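Trainee: Compute the structure for the input listed below.
(one chain, ligands or ions: 3)
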Amino acid sequence: MAIYVQKFGGSSVADAECMQRVAQRVYDTAQEGHSVVVVLSAMGKTTDNLINLSKQVNPQPDAREMDMLLSTGEQISVAILAMALHAMGAEAVSMTGPQAGIATDSSHTKAKIMSINPERIMANLEKGRIVIVCGFQGLAPSADIATLGRGGSDTTAVALAAALKADRCQIFTDVDGVYTADPRIVKQARKLDSIAYDEMLELASLGAKVLQSRSVEFAKKYGVELEVLTSFDRTPGTIVKEEVEDMEHIVVRGVAADKNQAKVTIQRVPDRPGVAATLFKELAAANVNVDMIVQNVSEQGHTDMTFTVPRDEINRTRSAVDGLLEAVGAAGAIYDVDIAKISIVGVGMRSHSGIAYQMFEALSEHKINVEMISTSEIKISVVIRSAYADEAMQVLHQAFELDKNSKPAS
Ligand code: ADP
Ligand code: ASP
Ligand code: MG
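Mentor: Numbering: from 1, shown residues only. Ligands and ions are numbered 1, 2, ... in the order given. Just a heads-up that it's a prediction; the model follows:
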């Protein structure tokens, strides 16, 4: 019997009616003769609401307690779906992440899955039961519950698919696949039939929240082919898979925006060995994820150093940097949260030149100023004012004609 892993996101399980729709879909899959493991997110906006609740009683909640709180959302979902399936006459059993054998590291609120013991899930599948697992959680070495970071249910699904050697891994969401850009922002965005792991990984890490980037890392590492599709009707979705040769014919596959970044500039840093090491060592110790780093031309033995960090890590960054300014001899620091990072992604960029020029020209024609640039083999990212983020996405989508089907590279 084939094993199917089916993951349903928050909006797919938002209320009782949605739960019944999901139950029907899962039931149909089981009736086709497959073993089904379901992974669920919390219902609707539950996770956001729980975070808001916590902030009302403590502006900086303890990470372990945060995990105790947030993990409850998924627990509601799995129990309700099990009940809906029972009402349809199906055999189903719900499990928390720990009950399903998912072990994580100890980084509360952004834990990584370390291992999965699939015995209990397998034993239940063998008894003909549908197994419903809480997404986004596992058991830390301290025997405490830990969560996997926002959007982490995607990663639970892919990791389970790898551990169970599943035949299919389907990610059901509120759009019918992966698009050339967020369809809520770019109306002309086009659904892709397929996308390479590397392209999806870049898009996801650069702000396209349709999949958590770690889930794509897992999928690539273990060769799990993913299908992203809607839970609201039966249209086919997008396949995320190994790169095939003709994918390079498309230069730019998609555009993404990350509006949760902040920019830090350390002014007039002495231009001598060891300064960058001192700064970034301190930021690493403060658990800050530094991304783009730019150091401008040095002038009279001094230089400005600019880098980006996730916006919700700006307070930690500020404490680390402010404490070092004097020690490294810098003049001061500027913290800027009104920025966005806009990126274009495509494996075809490896073999084509002039893409950066086209990107900068399109932005300049719309008077959008580029403040920072970073590139890799298959992506170009720029930092701009956050107010222009949506416009920049639309401009780039049009400049690279992403609304047209498979524009071959010239
Ligand atoms: P779920 O709750 O099912 O996990 P998410 O809200 O996390 O759903 O992700 C789905 C959302 O991702 C869509 O509603 C869409 O607005 C957004 N999105 C961003 N970029 C893209 C893209 N390139 N293709 C499809 N959806 C995207
Ligand atoms: N409920 C969690 C969140 O909202 C995990 C998920 O939905 O994937 O981020
Ligand atoms: Mg999600």
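Trainee: Return the residues in contact with the closest residue to residue 280 other than its chain neighbours.
Mentor: Using Cβ to Cβ, 6 or more residues apart in numbering and skipping the chain neighbours, the partner closest in space to residue 280 is residue 290 (6.3 Å). Glycine gets a C-beta too; all of them are placed from N, C-alpha and C. When contacts are counted by Cβ atoms under 8 Å, 6 or more residues apart in numbering, residue 290 touches 280, 283, 284, 307, 308, 309.
Trainee: In PyMOL, how would I select just the buried ones from these?
Mentor: Per 16 or more other Cβ atoms under 10 Å, the buried members of these correspond to this PyMOL selection:
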select buried, resi 280+283+307+308+309
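Trainee: need the contact list for the residue in the chain positioned nearest to ligand 1.
Mentor: Closest residue of the chain to ligand 1, Cβ to the nearest ligand atom: residue 9 (1.8 Å). Contact partners of residue 9, counting by Cβ under 8 Å, 6+ apart, are 41, 153, 154, 171, 172, 173, 174, 231.
Trainee: looking at the residues you listed, which has the most residues close by?
Mentor: Among the contacts of residue 9, the one with the most neighbours (other Cβ atoms under 10 Å) is residue 154, at 31 neighbours.
Trainee: mean confidence score for whichever strand or helix holds that residue?
Mentor: Per DSSP states H and E: residue 154 is located in helix 153-163. Averaging pLDDT along helix 153-163 gives 98.
Trainee: Could you identify the helix or strand that succeeds that helix?
Mentor: Scanning forward in sequence from helix 153-163 by DSSP H and E, the next helix or strand is strand 168-173.
Trainee: so what secondary structure elements neighbour the next helix or strand after that next one?
Mentor: For strand 168-173, the succeeding helix or strand toward the C-terminus, using DSSP H and E, is strand 194-196. In terms of contacts (3 or more Cβ pairs under 8 Å, 6 or more residues apart in numbering; DSSP states H and E), strand 194-196 is packed against strand 238-241.
Trainee: Go ahead and confirm residue 95 touches residue 120.
Mentor: Yes: the pair residue 95 and residue 120 qualifies as a contact (Cβ atoms under 8 Å) at a distance of 7.2 Å.
Trainee: the more surrounded of those two?
Mentor: residue 95 (20 against 14).
Trainee: ok, now which ones touch that one?
Mentor: Residue 95 neighbours (Cβ under 8 Å, 6+ apart): 78, 120, 121, 131, 132, 133, 134.
Trainee: Next, the first one: secondary structure please.
Mentor: Yep, that's residue 78 we're talking about. helix (DSSP: H, G, I helix; E, B strand; the rest coil).
Trainee: Distance of it relative to residue 125?
Mentor: Per Cβ to Cβ, to the nearest Å, residue 78 is found 16 Å from residue 125.
Trainee: Show me which of these two is the more surrounded one.
Mentor: Ranked by neighbour count (other Cβ under 10 Å), residue 78 and residue 125 place residue 78 first, with 25 against 19.
Trainee: Which residues of the protein lie near ligand 2?
Mentor: 9-10, 41-42, 47, 73, 135-136, 150-154 (Cβ under 6 Å from any ligand atom).
Trainee: what sits against the residue of the chain most remote from its centre?
Mentor: What lies farthest from the middle of the chain is residue 300; by Cα atoms, centre = their mean that is 42.3 Å. Listed by Cβ under 8 Å, 6+ apart, residue 300 has no contact partners.
Trainee: Write out the residues of the protein neighbouring ligand 1.
Mentor: Residues of the chain lying near ligand 1 (Cβ under 6 Å from any ligand atom): 9-12, 41, 151, 173-175, 178-179, 181-184, 203, 208-210, 254.
Trainee: hmm, which of these are the buried ones?
Mentor: 9-12, 41, 151, 173, 175, 178-179, 181-183, 203, 208-210, 254.
Trainee: show me where the stretch 1-150 of the chain has strands.
Mentor: Taking DSSP state E, counting those that start in this stretch as the test, the strands found in the stretch 1-150 of the chain are 3-8, 35-40, 92-95, 102-104, 113-116, 130-134, 137-139, 145-147.
Trainee: Quick one: these as a markdown table, columns for distance to residue 54 and mean pLDDT too.
Mentor: Shown next, in a markdown table, are those (distance: least, Cβ to Cβ, whole Å; pLDDT from 0 to 100):
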| stretch | distance to residue 54 | mean pLDDT |
| --- | --- | --- |
| strand 3-8 | 25 | 98 |
| strand 35-40 | 22 | 98 |
| strand 92-95 | 25 | 98 |
| strand 102-104 | 20 | 98 |
| strand 113-116 | 24 | 98 |
| strand 130-134 | 19 | 98 |
| strand 137-139 | 16 | 98 |
| strand 145-147 | 13 | 98 |
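Trainee: Relative to residue 394, which of these is closest?
Mentor: When these are compared by Cβ to Cβ, strand 3-8 sits nearest residue 394, at 30.2 Å.
Trainee: pull the CA atoms of that closest one into PDB?
Mentor: Coordinates of each C-alpha in strand 3-8 appear next as PDB, following Å, rounded to 0.1, in the frame of the first residue of the first chain:
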ATOM      1  CA  ILE A   3       1.900   5.900   2.000                       C
ATOM      2  CA  TYR A   4       0.500   9.400   1.500                       C
ATOM      3  CA  VAL A   5       1.500  12.300   3.700                       C
ATOM      4  CA  GLN A   6      -1.100  15.100   3.400                       C
ATOM      5  CA  LYS A   7      -0.500  18.400   5.200                       C
ATOM      6  CA  PHE A   8      -3.200  21.000   5.600                       C
END
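Trainee: Cool, thanks, talk later.
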